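> the amino acid sequence is not available; the structure is as follows:
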């Protein structure tokens, strides 16, 4: 059910126009280029405001949201806003909405220096990981951000997250090239590669972490970038949009005492093409013969199974311990240090792009496509 909309006071519109007019005039006088960023709002906590009448948090329309953040129009960056209609809770976002976000970036790619996507935190790592695969040849920043408290709450982290994300999206080096031309997540004071992130906390402002790859930038008084950690495509690369996704994948998390009927039922799911097998430690699994037979049978039927450790930090090392040998014999692939979010979306993307070529999917799952995994050859 949609919440009550709050009407924006007219005075805010004049304030925004004044800020924008003065900024543009100043930049034209100094001979500088006014950087442009497209803000794409999908919904989430950051777009909520408190209704004074009821006290409840309700979705804010674009004008109301802008009224809470006049700073968007007071700086050196021209910000345009487009929004999903209606705004969506991130729990309801999946492949169709990923395609919509990617399409919006693609359609406006030549018009803007960078893009910021407002998104709920619960599935942000999935969406951001998905777009890292969908936007092939990306040479401009696409920064996901959100907040743990709504923009209308006094102690909200919304303003700091959004304003810094916009600055990062517009940031260029002395040659006019984007400093971080990849899909990222900015939260609290860290900028992470999107397909390396996991939501780690439901209460703290530092909601995300990248356990197996360092932060691309840290924000304090200044934003300190780490260019040697950034994934750069060829500067002449042409952006290619991929929106074909196949969601026929699943996660099978092993646990002590897991029973055969559970594994059997999942692996016999109609239409299933890929499985993320979440294992113990460095990629270990129970040595029960029935588990080997179920996995081997699934692989023989064409299901691609990838071994992903349940640990946040570290990598799968199949064969390091005897209890992972059966996985190798069954034909299970190594996921190395990839996140579950990145592995799932990578599978969906590869199956969608190559519906009749499972061998190519297997090959590409063992390759680093856009910085999502560290593979030790």
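Nice, thanks for sending it over. None of these values were measured; they are calculated from a predicted model. Numbering: from 1, shown residues only.
> which residues does the closest residue to residue 204 other than its chain neighbours contact?
In space, and not counting its chain neighbours, residue 204 is closest to residue 148: 7.3 Å by C-beta to C-beta, 6 or more residues apart in numbering. In short, each C-beta sits where N, CA and C put it, glycine included. Residues in contact with residue 148 (C-beta atoms under 8 Å, 6 or more residues apart in numbering) are 45, 121, 157, 203-205, 207.
> redo the residues you listed as a markdown table? Include distance to residue 114.
Output for these, formatted as a markdown table (distance: C-beta to C-beta, whole Å):
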| residue | distance to residue 114 |
| --- | --- |
| 45 | 23 |
| 121 | 21 |
| 157 | 21 |
| 203 | 30 |
| 204 | 27 |
| 205 | 23 |
| 207 | 22 |
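> are any of these buried, and which?
45, 121, 157, 205, 207 (16 or more other C-beta atoms under 10 Å).
> can you put those residues in CSV and add pLDDT and secondary structure?
What follows is these, written out as CSV (pLDDT from 0 to 100; DSSP: H, G, I helix; E, B strand; the rest coil):
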residue, pLDDT, secondary structure
45, 85, helix
121, 93, coil
157, 86, coil
205, 85, coil
207, 88, coil
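> those: which two are farthest apart?
Pairwise distances across the buried ones among the contacts of residue 148 peak at 11.8 Å for 45 and 205 (criterion: C-beta to C-beta).
> on that earlier part again, tell me the one of the contacts of residue 148 nearest residue 71?
Nearest member of these to residue 71, counting by C-beta to C-beta, is residue 157, at 14.4 Å.
> wait, what's in contact with the closest one?
Residue 157 touches 147-149, 188, 205, counting by C-beta under 8 Å, 6+ apart.
> go again with 10 Å.
Counting by C-beta atoms under 10 Å, 6 or more residues apart in numbering, residue 157 makes contact with 45-46, 145-151, 187-188, 204-207.
> pretty sure residue 116 contacts residue 143?
Yes - with contact defined as C-beta atoms under 10 Å, residue 116 reaches residue 143; the gap is 5.0 Å.
> re earlier: which one of the contacts of residue 157 is nearest residue 234?
Proximity of the contacts of residue 157 to residue 234 (C-beta to C-beta) peaks at residue 145, which lies at 27.3 Å.
> list the contacts of the closest one.
For residue 145, counting by C-beta under 10 Å, 6+ apart, the contacting residues are 39, 44, 46, 116-119, 121, 124, 128, 157-158, 160-166, 168-169, 184-188, 191, 208.
> contacts only, for the residue lying closest to it once chain neighbours are set aside.
Among residues not flanking residue 145 along the chain, residue 165 sits closest, at 4.1 Å (C-beta to C-beta, 6+ apart). Residues near residue 165 by C-beta under 10 Å, 6+ apart: 37, 39, 114-118, 141, 143-146, 184-187, 191, 219.
> just checking, which of those residues belong to strands?
37, 39, 114-118, 143-145, 184-187, 191, 219 (DSSP state E).
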